[in-house]
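Trainee: Here's a sequence, model it:
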Amino acid sequence: MAHFDYRDGHLCCEQVDLGKLAAEVGTPAYVYSKAALLESLAAYDRAFRDVPHVVCYSVKANSNLGVLSVLAKAGAGADIVSGGELFRALRAGVPAKKIIFSGVGKSRDELRDALKAEILMFNVESRSELRVLDEVAREMGVRAPVALRVNPDVDPQTHPYIATGLKTSKFGIPYADALQVYEEAAALKGLSVIGADMHIGSQLTKATPVADAVARVVGLVKSLRERRIEVRMIDVGGGLGIRYRDETPPTQEQYAMLLLPALREVGVTVLLEPGRSIVGNAGALLSRVLYRKDTGTKKFVVIDAAMNDLIRPSLYDAHHDIVPLDERRRAAPTEKVDVVGPICESGDFLAKDRELPKVEEDDLVALMSAGAYGFAMASNYNTRPRAAEVLVDGSRYTIVRRRETYEDLVAGETTL
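Mentor: Numbering: from 1, shown residues only. Model (predicted):
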């Protein structure tokens, strides 16, 4: 996390002292580095500079309007999976012609809204969706630009919950059926077939599976052109991993080097859907130690962040480094502890059996690499207000989402 480091004994994001920030905005709080966002986005543009391409940031990773607007101003498009994400992307200034609509369960209303907005492309995931989109487009008197999401049946070698490219997955159209479904799509009057799409999973630490999948899709595109179905865009999906602990994912440049030979061969515009690799290491979750507890069998550090704020450890057994904001604490003797939150669930943990420097009540800690699938997956479980979100730009910061109040939690509800 290049833009999170200790300065004069205090953990900082860029030039902002996170201890002082926590005193001003409270905890828990998500903090994002603008410089880190822009550097990661620029790395994709450099890596794919030799081919026509569009980097369509995967909104589901972190959908904060501040984050989206920073990326939009830097030229990013958006990969969306819901009508709400379409609304957010447009509100943040993403041009409609840089928006791709993915996802297995798009409703008719969502399809209509995206057609009205005139987005770049729909990634269609089933025959049923294809027919519904055709019907909706014809009712509106337009033609929907489509790609079929092809399931290449390639093992992404990642956590099974975030693997999407196997034939047992709910995502995409089986590779063996793709030619036939493309021919059906080309015959429908409400559709305009312009692309091919794939996405094999998330937190990929090897580029080889993606390259294998791209090769299969390129072979499909060649077969389609023989049938006079002219595909001019290939969406290679996203999923490039980041380092949480000891992973060694490829750089954007290494990723591009493996993918580009096949893509150049068919002369297409390359669409990319990175999410985690742009925002994951651009964010941290700040939290305060509430209590220490020793049962004689196990030691617990209770903090004010919980599984409702960051569910990844409970859901995926994911690892996030936990560091004290005061650098002097790093020199303290270590102890094996469970770091847990206030939620009434035994599954509410941020770390289990973790060897950490000893921290005391009221100390501040940061859960690192929390920019992706952190706040985006947060909830109000146990009627807990969701955290504030803060965007740092050099020595300044902006609260890009205020902390929820109790009144926010009951807005829209009615007593009887």
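Trainee: Identify the residues contacting the helix or strand containing Val365?
Mentor: Counting by DSSP states H and E, the element that carries Val365 is strand 364-367. With contact meaning CB atoms under 8 Å, 6 or more residues apart in numbering, strand 364-367 is reached by 4, 11, 18-19, 22, 27, 284-289, 303, 305, 310, 320-326, 350, 359. For the C-beta atoms, the positions are set from N, CA and C on the backbone; glycine is no exception.
Trainee: Pairing partners for that strand, with directions?
Mentor: Partners of strand 364-367 in the sheet, by DSSP bridges, are strand 283-294 (antiparallel), strand 322-324 (antiparallel).
Trainee: what's the offset of it from the middle of its chain?
Mentor: With CA atoms, centre = their mean, to the nearest Å as the basis, strand 364-367 stands 22 Å off its chain's centre.
Trainee: could I get it in PDB with only the CA atoms?
Mentor: The C-alpha trace of strand 364-367 is given here as PDB (Å, rounded to 0.1, in the frame of the first residue of the first chain):
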ATOM      1  CA  LEU A 364      -6.400   3.100  17.000                       C
ATOM      2  CA  VAL A 365      -5.700   0.400  14.400                       C
ATOM      3  CA  ALA A 366      -6.000   0.200  10.700                       C
ATOM      4  CA  LEU A 367      -7.300  -2.800   8.700                       C
END
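Trainee: can you give me the mean pLDDT across it?
Mentor: The pLDDT scores in strand 364-367 average 98.
Trainee: The helix or strand following that strand - contacts with which helices or strands?
Mentor: The helix or strand immediately downstream of strand 364-367 is strand 388-393, counting by DSSP H and E. Where contact means 3 or more CB pairs under 8 Å, 6 or more residues apart in numbering; DSSP states H and E, strand 388-393 is packed against helix 18-25, strand 29-33, helix 34-47, helix 65-73, strand 396-401.
Trainee: hang on, Arg330 is in a strand, isn't it?
Mentor: No: per DSSP: H, G, I helix; E, B strand; the rest coil, Arg330 lies outside any strand segment and is helix.
Trainee: That one against Pro324, yeah?
Mentor: Yes: counting by CB atoms under 8 Å, Pro324 is a contact partner of Arg330 at 6.1 Å.
Trainee: and for the two, which residues touch both?
Mentor: Joint contacts of Arg330 and Pro324 (CB under 8 Å, 6+ apart) are Pro357.
Trainee: Looking only at neighbour counts, state which of the two leads.
Mentor: Pro324 (23 against 14; other CB atoms under 10 Å).
Trainee: who does that one bridge with?
Mentor: Applying DSSP bridges, one finds that Pro324 bridges with Val365.
Trainee: ok, Leu259 to Val217 distance?
Mentor: 11 Å (CB to CB, to the nearest Å).
Trainee: just Lys358 next, same as before
Mentor: Lys358 sits 52 Å away from Val217, going by CB to CB.
Trainee: any idea of the mean pLDDT in stretch 82-89?
Mentor: Mean predicted confidence for stretch 82-89 is 98.
Trainee: about what we covered before: pipe the strands paired with strand 364-367 into a markdown table and attach distance to Asn382 and mean pLDDT per row.
Mentor: Below are these laid out as a markdown table (distance: least, CB to CB, whole Å; pLDDT from 0 to 100):
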| stretch | distance to Asn382 | mean pLDDT |
| --- | --- | --- |
| strand 283-294 | 15 | 98 |
| strand 322-324 | 22 | 98 |
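Trainee: Out of those, which gets nearest to Asp212?
Mentor: strand 283-294 (31.1 Å; CB to CB).
Trainee: In terms of secondary structure, what does the next helix or strand after that closest one contact?
Mentor: Using DSSP H and E, the next helix or strand after strand 283-294 towards the C-terminus is strand 299-303. On a contact count with 3+ CB pairs under 8 Å, 6+ apart, strand 299-303 meets strand 283-294, strand 334-340.
Trainee: taking these together, which one is wrapped up most tightly?
Mentor: The highest mean neighbour count among the helices and strands packed on strand 299-303, using mean count of other CB atoms under 10 Å, belongs to strand 283-294: a mean of 20.
Trainee: and the angle from that one to strand 299-303?
Mentor: Between strand 283-294 and strand 299-303, the angle comes out at 130 degrees (axes from the mean of the first three to the mean of the last three CA atoms, to 10 degrees).
Trainee: what's the offset of strand 283-294 from the middle of its chain?
Mentor: 25 Å.
Trainee: and if you look at stretch 5-22?
Mentor: The chain centroid and the centroid of stretch 5-22 are separated by 26 Å, computed with CA atoms, centre = their mean.
Trainee: mind listing what's buried in that stretch?
Mentor: Within stretch 5-22, the residues that qualify as buried are 10-14, 16-19, 21-22, counting by 16 or more other CB atoms under 10 Å.
Trainee: Outside of it itself, list whatever touches it.
Mentor: So stretch 5-22 is in contact with 3-4, 29, 31-35, 284, 286, 288, 323-328, 364, 366, 390, 392-397, going by CB under 8 Å, 6+ apart.
Trainee: mind running it again at 7 Å?
Mentor: By CB atoms under 7 Å, 6 or more residues apart in numbering, the residues outside stretch 5-22 that reach it are 3-4, 29, 31, 33, 35, 286, 323, 325-328, 364, 366, 390, 392, 394-395, 397.
Trainee: Repeat that for stretch 282-290.
Mentor: 4, 18, 22, 27-33, 36-37, 40, 301-305, 309-310, 359-368, 370-371, 374.
Trainee: where in the stretch 301-416 of the chain is pLDDT low?
Mentor: Applying pLDDT under 70 to the stretch 301-416 of the chain picks out no residues at all.
Trainee: How much space separates Ala144 from Ala114?
Mentor: In terms of CB to CB, Ala144 sits 8 Å off from Ala114.
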